[in-house]
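Enquirer: After the sequence you'll find the predicted model.
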Amino acid sequence: MEILRCNQLTKTYKTGSNQVIALDHVDLSLEKGSFTAIVGASGSGKSTLLHLLGGVDRPTSGNIYIEGTDISTLNMEELAVFRRRKVGLVYQFYNLIPTLNVRKNILLPVLLDGRKPDEARFEQIVNTLGLSDRLSHLPRELSGGQQQRAAIARSLIYQPAILLADEPTGNLDRRNSEETIELLKLSNQRYGQTVLLITHDEKTALMAGRILTLEDGKIVRDEVMS
């Protein structure tokens, strides 16, 4: 079942008198429960695509459908609510709130939405990610790998339609990088979480079920891994 689709997605920027085409009429479809990696050189449009799909930025033209909703037509307030409920975002910088402990950081999207946390799901996620003994700690008291695990837990807590990970291992050493990708795979396999991963590391990309290669704002290769 298709969970995400974008049609003729284009993003252009003006720099002085010049126009830069960051994305050039991209068509993309993702199936529910899939794990897809996007690779490409710096400036190929990877992060631009992720920001558009996550509702962080708006396309110049084209449409983005997530679970049938065209997010490119939503106003800013509607988009913020949709993003909070349907899109999980994981970055290389963990974006944890420094004054909140791990438990509150993980539950923040649910609390901001005025909903009661699902304690059973919370317990399952923190146990799976090995955070159950760190819940009262502040982010500065965690290692980089533990902070990234907390960020992943936060992105999973509200059962988003899609989890978007933008170079999530870029700030980690090799051991923690491998662990982070394994955790994303685990969330895909155990929770059926749809994952779209941006990475410059081909070895990391090979852990996905499908690899898209971007070049000059266009998808130039689409490979399904055996």
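Expert: Sure, I can see it.
Enquirer: Extract the CA atoms of the lengthiest helix in the chain and return them as CSV.
Expert: Longest helix of the chain, by residue count under DSSP state H: helix 174-191. Extracted C-alpha coordinates of helix 174-191, given in CSV (Å, rounded to 0.1, in the frame of the first residue of the first chain):
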residue,chain,number,x,y,z
ARG,A,174,31.5,3.9,13.6
ARG,A,175,30.2,1.8,16.5
ASN,A,176,27.3,4.2,17.3
SER,A,177,26.7,4.7,13.6
GLU,A,178,26.1,1.0,13.0
GLU,A,179,24.0,0.8,16.1
THR,A,180,21.8,3.7,15.0
ILE,A,181,21.2,2.1,11.6
GLU,A,182,20.4,-1.2,13.2
LEU,A,183,17.8,0.6,15.4
LEU,A,184,16.2,2.2,12.4
LYS,A,185,16.1,-1.3,10.8
LEU,A,186,14.6,-2.7,14.0
SER,A,187,11.9,0.0,14.0
ASN,A,188,11.1,-0.9,10.4
GLN,A,189,10.9,-4.6,11.1
ARG,A,190,9.4,-4.7,14.6
TYR,A,191,6.9,-1.8,14.2
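Enquirer: which helices and strands sit right next to the helix or strand following that helix?
Expert: Later in the chain than helix 174-191, the nearest helix or strand by DSSP states H and E is strand 195-198. Strand 195-198 is packed against strand 35-39, helix 46-53, strand 162-166, helix 174-191, with contacts defined by 3 or more C-beta pairs under 8 Å, 6 or more residues apart in numbering; DSSP states H and E. C-beta here means a position set from N, CA and C on the backbone, and glycine is covered the same way.
Enquirer: Mean neighbour count for those - can I get that in JSON lines?
Expert: Below are the helices and strands packed on strand 195-198 laid out as JSON lines (neighbours: other C-beta atoms under 10 Å):
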{"stretch": "strand 35-39", "mean neighbour count": "23"}
{"stretch": "helix 46-53", "mean neighbour count": "22"}
{"stretch": "strand 162-166", "mean neighbour count": "24"}
{"stretch": "helix 174-191", "mean neighbour count": "17"}
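Enquirer: weakest of the ones you listed in terms of mean pLDDT?
Expert: Mean pLDDT is lowest for helix 174-191 among the helices and strands packed on strand 195-198, at a mean of 83.
Enquirer: residue ranges of the helices in this structure, please?
Expert: When secondary structure is read from DSSP H, the chain shows helices at 46-53, 76-86, 102-112, 119-128, 144-156, 174-191, 202-205.
Enquirer: Would you format these as TSV with distance to residue 8 included?
Expert: TSV is the format used below for the helices of the chain (distance: least, C-beta to C-beta, whole Å):
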stretch	distance to residue 8
helix 46-53	12
helix 76-86	20
helix 102-112	31
helix 119-128	37
helix 144-156	28
helix 174-191	28
helix 202-205	25
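Enquirer: about what we covered before: using a markdown table, lay out the helices and strands packed on strand 195-198 together with distance to residue 210.
Expert: Converted to a markdown table, the helices and strands packed on strand 195-198 look like this (distance: least, C-beta to C-beta, whole Å):
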| stretch | distance to residue 210 |
| --- | --- |
| strand 35-39 | 4 |
| helix 46-53 | 15 |
| strand 162-166 | 14 |
| helix 174-191 | 12 |
